[in-house]
Structure formats: C-alpha cells, structure tokens
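Visitor: Just the structure for this:
(4 chains)
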Number of protein chains: 2
Amino acid sequence: MVTYNATHERGCSACLTPLNDVFKALADASRRHLLDCLYERDGQTLGDLVAGLAMSRFGVMKHLRVLEEANLVVTRRKGREKLHYLNPMPIQMVYDRWVGKYRRGWTRRLSHIKNMLEES
Amino acid sequence: MVTYNATHERGCSACLTPLNDVFKALADASRRHLLDCLYERDGQTLGDLVAGLAMSRFGVMKHLRVLEEANLVVTRRKGREKLHYLNPMPIQMVYDRWVGKYRRGWTRRLSHIKNMLEES
DNA sequence: ATTATATGTGACCATTTGGTAACATGTCAA
DNA sequence: TTGACATGTTACCAAATGGTCACATATAAT
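Guide: Numbers count the residues shown, from 1 in each chain, chains lettered A, B, ... in the order given. You can find the predicted model right below:
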C-alpha cells in the first residue's frame, strides 16, 4: 500500500535522484562505510573497497549498485577496472530538502520539548 | 553477518540514540511524513496522525514506535491520550556526524568529479 | 595463445520490513 | 457502572533487504 506519496519530496534538479532513494541508500551502515572509504580516497576499484570491508565481493557490488542508483557514487571505466567516485550532491540535497529544515527550528523546538516534559 | 561495525559512528551523547537507528528510521517515506506532520503541529495524538495518513492505525503505531526508539519522537501520556512531540536532536546529530562532513568538502569534490568526467 | 585478474550475472536463502485484521486493555464521562 | 473511545497486543502475511556461492565475461600481461 502506498501510504504516502513521496513525490512531493522532489528529486534534486541537478542530480535527478529521488530523495527517497538517497535516504534508503544511506540507511545501511555498510553503504555509509563505503562512502566513508571513498571520502578518504576517491577513485577506488571494487577490489580496493572489498579489501577493507569483511564482506563478499558480490555483497560489496550490490551495495555499490544501490549507491550508484542513488547517484551517491559515479563510476568510470579504466580498462578492466571500474573506478568509483563519491558524488556529494545528493547529500547536499538531503540537507537542503530535509535536514536543514529541522535544524532551523532547532533551539525553539528543544525548549518546547523541555517545557513539555517539565509540565508533566 | 556483521559486515561493518557501526559503533564507531557513536550515538549522540545527549540523545543516546545510535546514528544507525536514526538513519534507518528516516529511510521510510511514511515515517518522514509523520515527522513532517509533527513539525507542522506538535503534540498530536495517534488518532490525529492516523487521520492524515491513509494507513491503518496499527501501521502508524508501528512507525511511531520506530521513531520513538530512534528518539526522533518523544511522548507524554495525558489521560487516555498519548501526545507525540518531535525531537530534533537526532537530526542535528545526523548533521554533525555525517551530513556536515560531506557538505564541507562539497565544492572541492564536485570539481573533482567534473575533472574526472572530462578526462574520460 | 594462455593465463591471471577484474568485474558482472543467476540462483538461492534467511531475516527484516511494512502492512493487515482481530482482539485486549485502560480511562473518561454520563 | 457501563458505554464509548483511545491506545496496546498477538498473530499473520507478502515483499524487500542483505547476504552467500558458483559461474561467466572481459581485459592485461607474459
């Protein structure tokens, strides 16, 4: 059942990825770790990434595919190797369309909660 | 299999929620919509929230439980009602420990990708 | 040409997720 | 105290997720 149409959370005009896909991609710790690896050193191959992750090669491949589909990773073939690069734009989108909004009301909402708790 | 120990992404000292739980909670569009509802009007009851969401009452309850466990929502009993309040702290944590890091390198990384693409 | 190495695919499995329906409990109000 | 209403629980189901293994294909190097 479609409980809520996420399309009003539009995709970023530049990266064209639905916000929902980005959130889902970021929901897994292994995938976040892969992004961290690329943050440390961009342009790693599949093999490079497998070496640091205690997971089967194919497991890593599937995670990388999810990241690619969310546009968080872009790739470039170089001979028989495939180089992976971090694309920070979807993360910027997550901030613009979501995190930032909640950060703005931050202190006001915190005191709101504080008052509410004291009241009870 | 534990492919990657997410504990080094420590929970926020103030809200005590593991970052991973927060990401997972945010990964579902219905849950983000619930947070949006509370952002619009804080302190809604379960019934209030069900009314605006085209999902069964119990479906909403389960989503709220996930949000509570991630500390994104805090509650307060008032007689037979349960009031739900948005807690922005875990979102702040997501920013501090994750999104902010990637935002900082933003422009540099973008040009990196641009160069990389032109090169091929 | 052959071999080694890197990425890609198909089939499969266990667990989690997102949802429903039916029933149980708790509390306010007449 | 009884009825109405709000939240909570138990049991169940389908589909998606996260992972494995074995095999296939493509490229580089000797």
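Visitor: For DNA strand D, give me its nearest residue in chain A.
Guide: Nearest residue of chain A to DNA strand D, counting by CB to the nearest atom of the strand: residue A:79, 2.5 Å away. Quick note: C-beta positions are derived from backbone N, CA and C, even for glycine.
Visitor: who does the lowest-mean-pLDDT helix or strand in chain A touch, helix- and strand-wise?
Guide: Within chain A, no helix or strand scores below helix A:106-119, which has a mean of 81 by mean pLDDT, DSSP states H and E. The contact analysis (3 or more CB pairs under 8 Å, 6 or more residues apart in numbering or on different chains; DSSP states H and E) places helix A:106-119 against strand B:73-78, strand B:81-86.
Visitor: buried set for the first one?
Guide: Of the residues in strand B:73-78, those with enough neighbours to count as buried (16 or more other CB atoms under 10 Å in any protein chain shown) are B:73, B:74, B:75.
Visitor: and if you look at stretch A:93-106?
Guide: For stretch A:93-106, by 16+ other CB under 10 Å, it's A:93, A:94, A:95, A:98, A:99, A:102, A:103.
Visitor: So which of the residues you listed is the closest to chain B?
Guide: Nearest to chain B out of these is residue A:102 (CB to the nearest CB; 4.5 Å).
Visitor: Model confidence at that closest one, what's the number?
Guide: Residue A:102 is assigned a pLDDT of 91 by the prediction.
Visitor: Does it touch residue B:32 like I think?
Guide: No. Counting by CB atoms under 8 Å, residue A:102 stays clear of residue B:32, with 10.4 Å between them.
Visitor: Find the residue at the geometric middle of chain A.
Guide: residue A:26 (3.7 Å; CA atoms, centre = their mean).
Visitor: Count the neighbours of the residue lying closest to that residue once chain neighbours are set aside for me.
Guide: Excluding its sequence neighbours, the residue lying closest to residue A:26 (CB to CB, 6 or more residues apart in numbering or on different chains) is residue B:23, at 5.7 Å. If you count neighbours by other CB atoms under 10 Å in any protein chain shown, residue B:23 ends up with 23.
Visitor: swap in the one 4 residues further on?
Guide: The number of residues packed around residue B:27, counting by other CB under 10 Å, is 18.
Visitor: Help me confirm that it comes into contact with residue A:22.
Guide: No. Using CB under 8 Å, residue B:27 is not in contact with residue A:22, being 9.7 Å away.
Visitor: Now do the contacts for the residue nearest to the centre of chain A.
Guide: A:32, A:70, A:72, A:94, B:23, B:27 (CB atoms under 8 Å, 6 or more residues apart in numbering or on different chains).
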